[in-house]
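Q: Sharing a model that was predicted from the sequence below.
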Amino acid sequence: MPANDVSKIIALIKAKYYKEGTDRKKFFEENGFYLNDVSIQTVKRDKTDVFKITVYSISNQKGKEAVNRILEYLQSEYKSVLQKFILNTNNKIEQLHEEKKIIKNYKIKELERQKEFLLKEEIPLLKRKRAFLQEKVKNLNLLIKSYSSSINNYEKAIKNLSQAMKNPNLSDSSLLIVSNQIAQYENLITSLQNKIKNYQLEIKNIEQEQIPAIEKKIKQINEIQIKSIDEKLENLRLRLKNIDRQIKMLELSLKPPLTENFKVLSENISDKPAKPKKMLIIAVSIVSGLFLGIFLAFFYEWLQNAKNRRKLPSGSFEEANY
């Protein structure tokens with residue numbers, strides 16, 4: 001029981017039944033008992049708070065009735081508090097079970113689905129894209145090599161045709177044909193050089209932008225997204241453990257004696273009247289009589305000596321003094 005509840009209950013009992021001075025005397029005359037003290041004790045075995053109520057009454061039966069009267073008053077006052085506590089505790093347990101269900105069936109499963117998608121679909125897809133681009137670069141380099149070889153062949157052909165044009169025995173029609181062939185080769189060379197240039201730019205873009213972007217994305221997924229998901233999963237699993245502990249503690253708080261109303265655990269009844277205290281009175285009387293007897297003995301001796309001195313003649317007194 002919380003300390004503030006204990007103090008409230010003690011204050012409640014005292015406000016109703018604890019009296020002092022003339023109020024106590026009047027209450028005792030009207031009810032046949034009065035409340036002497038209320039205290040709290042903790043049972044070590046189960047750490048339960050126990051109230052100790054001490055009453056003085058005109059009889060044991062009246063004392064029992066007084067305790068039962070106080071108990072009934074506490075039960076009526078505490079009943080609504082107890083019911084509210086049980087209701088609130090059950091609501092908390094229900095809310096925790098619902099939260100546990102949401103975490104297990106939705107949140108954890110959704111995070112595991114996201115992680116599985118990243119590992120089994122997103123990352124493999126990015127790797128396939130990277131492999132495709134690497135293969136494309138390889139093929140483009142092969143084309144560039146092939147085109148470069150073709151350009152070399154065309155340049156050799158142009159060189160040979162140019163040498164042939166220097167032959168003075170060629171007719172005009174032959175020279176025209178050779179000139180056309182040289183022009184075609186030059187056009188082919190220009191076309192291939194443009195293609196090579198475009199392929200080189202494409203290779204540069206793939207190697208410097210597209211592939212690094214894919215590798216950066218893969219790294220981000222592995223080091224940030226998956227790590228974040230793992231941390232969230234760990235936090236949710238810790239939350240589940242914490243929820244289980246909370247549910248267990250709340251369920252324990254609903255078990256007796258924590259949810260029982262006030263009841264009498266034991267009675268300690270004294271048959272000896274609280275007042276008057278005979279043994280104390282007798283002891284004080286004996287001690288007082290002893291001191292009074294000693295005082296009277298000394299006083300009687302002093303009185304006898306005083307009488308004897310008055311009876312003696314004056315000469316005898318002087319002689320005795322001499």
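A: Arrived safely, thanks for sending.

Q: quick one: Ile286 and Leu292, what's the gap?
A: 11 Å (Cβ to Cβ, to the nearest Å). From N, CA and C alone the C-beta is placed, and that goes for glycine too.

Q: what's the answer for Gln163, then?
A: 164 Å.

Q: Could you do Ser149 as well?
A: Relative to Leu292, and taking Cβ to Cβ, Ser149 is found at 145 Å.

Q: Can you point out the helix or strand that includes the residue nearest to the spatial centre of the chain?
A: Centroid-nearest residue in the chain: Asn242, 7.4 Å away (criterion: Cα atoms, centre = their mean). Element membership for Asn242 (DSSP states H and E) is helix 226-253.

Q: Asn36 too?
A: Using DSSP H and E, the element containing Asn36 is strand 33-43.

Q: burial of the nearest residue to Lys19 once chain neighbours are set aside, as a residue count?
A: Leaving aside its sequence neighbours, Lys19 sits nearest to Phe27 (Cβ to Cβ, 6 or more residues apart in numbering; 4.6 Å). Using other Cβ atoms under 10 Å, Phe27 has 17 other residues around it.

Q: same deal with Asn222?
A: Neighbour number of Asn222 under other Cβ under 10 Å is 13.

Q: For the residue lying closest to it once chain neighbours are set aside, which residues are in contact?
A: Excluding the flanking residues, the one nearest Asn222 by Cβ to Cβ, 6+ apart is Ile123, at 7.5 Å. Listed by Cβ atoms under 8 Å, 6 or more residues apart in numbering, the contact partners of Ile123 are 218, 221-222.

Q: Below-threshold pLDDT in the stretch 201-322 of the chain: ranges please.
A: Residues of the stretch 201-322 of the chain meeting the criterion pLDDT under 70: 256-280, 310-322.

Q: redo that, cut-off 80
A: Counting by pLDDT under 80, the stretch 201-322 of the chain shows low-confidence ranges at 253, 255-285, 287-293, 295-322.

Q: Lys79 and Phe85, how far apart?
A: Lys79 is 11 Å from Phe85, by Cβ to Cβ.

Q: Which one's more surrounded, the two?
A: Phe85 (16 against 12).

Q: give me the element that one is part of.
A: helix 60-102.

Q: How far does that helix sit from its chain's centre?
A: For helix 60-102, the separation from the chain centroid amounts to 26 Å (computed by Cα atoms, centre = their mean, to the nearest Å).

Q: so how far is Ile206 from Ala131?
A: 12 Å.

Q: list the contacts for Leu96?
A: Counting by Cβ under 8 Å, 6+ apart, the residues that Leu96 touches are 243, 246-247, 250.

Q: What does the pLDDT read for it?
A: pLDDT recorded at Leu96 is 95.

Q: For Asn242, see how far away it is.
A: Per Cβ to Cβ, Leu96 is found 9 Å from Asn242.

Q: chain center to the one helix or strand Gly289 maps to, what's the gap?
A: Assigned by DSSP H and E, Gly289 falls within helix 278-311. Chain-centre distance of helix 278-311: 78 Å, with Cα atoms, centre = their mean.
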